[in-house]
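S.K.: structure here, sequence nowhere to be found:
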C-alpha cells in the first residue's frame with residue numbers, strides 16, 4: 001500500500017490525497033459490512049489519522065469517525081462506538097452540518113436502545129428530530145417519531161406512544177413508504193388492543209392489511225391476521241378467530257418460526273372449543289417446529305399447554321407430568337414468572353394421578 005507523507009496543519013491537502021482518503025473510507029466501510037472488522041478498523045484508522053492533519057478536511061474526518069462508531073457498534077463495543085459518535089457529533093456541530101449530525105444522532109440513539117438505555121435513547125432521538133424538523137426532512141421526522149413511539153411503548157408510556165404513532169400514521173412521508181406505514185399501523189393497533197380499544201384496533205389492523213396487500217407482504221399480512229384473531233379470541237368469537245389463524249398459517253408455509261407460533265394459537269382455540277384431541281395434535285406439531293428454534297421459553301409454554309391437556313383429557317399422567325416438569329425447568333432457566341403457575345398445575349395433576357391410581 002502506498003504511504004502518504006503527513007503534512008502540517010498549515011499545508012493544504014491535495015486533491016489526490018482527498019480522493020485517496022475518501023477511497024479509504026469507502027474501503028473501510030465495505031470491509032466492515034463483509035465482517036472483516038480488523039482490516040476495516042485499520043483502514044478507517046489510517047484514513048482518520050491522515051484526515052485529522054488538515055483543518056479543511058474536518059467534514060471528511062467527522063464521517064470517518066461516524067463510520068468507526070458504526071463499526072464498533074456492529075462488534076457490540078458500545079463504549080468505543082459511543083465515543084466515536086460523540087467525536088463525530090462535536091465536529092458536525094462545529095461545522096454546522098445538521099443533516100450529518102442528525103444521522104449520527106440516529107445511530108447513537110439506536111446504540112442506546114440496544115443497551116436498554118431507553119431514557120437516553122429518547123433524549124437523543126428528540127435531538128435528531130429537532131434537527132430534522134429544522135431542515136424539513138419529513139421522512140426522517142416520520143422515521144424518528146416511529147422509533148420514539150416504540151420507545152415510549154416499551155417504557156410503559158402508552159398514551160404518549162399512541163399519540164406519536166398517530167402523527168406517524170398521517171405523515172405524508174410515510175404515505176409514500178407503504179412498508180413503514182403498515183408497520184406503524186400494526187404497532188398502533190397493538191397498543192389500542194392493549195388498552196382494550198378493540199374497535200379502534202380492528203380499524204387500524206384492517207388499514208394495515210390493505211397496505212400489506214398492496215405491497216404483496218405475506219409475512220406482514222399473516223402477522224396482522226394473527227393479531228386480529230387474538231382480538232376475536234378474547235371476545236370469545238372462536239370460529240372467526242380460528243379462521244383468521246388458519247388464513248395466517250397459509251401465508252407462512254415457508255417460515256417454521258411463524259408457523260410454530262400460529263399453530264400454538266390454533267391449538268389454544270381448539271382447546272377452548274372442546275376439540276381436545278385436535279388441540280393436542282396441533283400443540284405437538286408446534287413443538288416439532290419449535291425444537292430447532294432455540295427459544296426455550298416458547299417451547300416451555302407450548303409444552304405446558306400440551307401437558308395439561310394430556311393429563312386432563314387423555315389421562316396420560318406420566319407423559320403429561322414429564323412435559324410439565326420439563327416446561328418448569330426451562331422456564332426457571334430463563335427466569336420466567338410463568339414457572340410458578342406451571343408448578344401449581346403439576347401439583348394439581350399429581351393429585352389427579354394419585355386419585356386415578358386409587
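M.R.: Thanks, I have the structure now. All values reported here derive from a predicted model rather than from experimental measurement.
S.K.: which parts of the helix-or-strand element of the chain with minimal mean pLDDT are buried?
M.R.: Lowest mean confidence among the helices and strands of the chain (mean pLDDT, DSSP states H and E): helix 172-175, at a mean of 85. Under the neighbour-count criterion of 16 or more other CB atoms under 10 Å, helix 172-175 has 173-174 buried. (Glycine included, C-beta is placed from N, CA and C.)
S.K.: just checking, what packs against it?
M.R.: Identification of packing neighbours for helix 172-175 by 3 or more CB pairs under 8 Å, 6 or more residues apart in numbering; DSSP states H and E yields helix 138-154, helix 178-194.
S.K.: nearest to residue 42, of those helices?
M.R.: Set against residue 42 and scored by CB to CB, these come closest in helix 138-154, at 32.4 Å.
S.K.: from the rest of the structure, what touches that closest one?
M.R.: Helix 138-154 is contacted from outside by 102, 106, 109-110, 113, 118, 121-122, 125-126, 128-129, 132-133, 158, 160-162, 164-165, 167-168, 171-174, 176-177, 180, 183-184, 187-188, 191, using CB atoms under 8 Å, 6 or more residues apart in numbering.
S.K.: please, where are all the helices along the stretch 51-200 of the chain?
M.R.: Taking DSSP state H, counting those that start in this stretch, the helices of the stretch 51-200 of the chain run over residues 58-74, 78-95, 98-114, 118-134, 138-154, 158-169, 172-175, 178-194, 198-214.
S.K.: how far does the second one sit from its chain's centre?
M.R.: Using CA atoms, centre = their mean, to the nearest Å, the distance from the centre of helix 78-95 to the centre of the chain it belongs to is 25 Å.
S.K.: between helix 58-74 and it, find me the angle.
M.R.: Helix 78-95 and helix 58-74 are oriented at 160 degrees to each other (axes from the mean of the first three to the mean of the last three CA atoms, to 10 degrees).
S.K.: repeat for the last one
M.R.: On the basis of the same axes, to 10 degrees, helix 198-214 is oriented at 110 degrees to helix 58-74.
S.K.: summarise which helices and strands helix 198-214 is packed against.
M.R.: Counting contacts by 3+ CB pairs under 8 Å, 6+ apart, helix 198-214 is packed against helix 178-194, helix 218-234.
S.K.: so which of those helices gets nearest residue 202?
M.R.: Nearest of the helices and strands packed on helix 198-214 (CB to CB): helix 218-234, 6.3 Å.
S.K.: low-confidence stretches in this protein?
M.R.: Residue ranges of the chain with pLDDT under 70: 1-11, 357-358.
S.K.: domain parsing for it?
M.R.: 195-293, 295-358 (automatic domain parsing).
S.K.: of all those domains, which one comes closest to residue 78?
M.R.: Closest among those, using CB to CB: domain 295-358, at 23.1 Å.
S.K.: hang on, the earlier thing: let's have the domains of the chain in CSV, adding mean neighbour count and distance to residue 33.
M.R.: Listed next are the domains of the chain as CSV, based on neighbours: other CB atoms under 10 Å; distance: least, CB to CB, whole Å:
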stretch, mean neighbour count, distance to residue 33
domain 195-293, 18, 25
domain 295-358, 17, 28
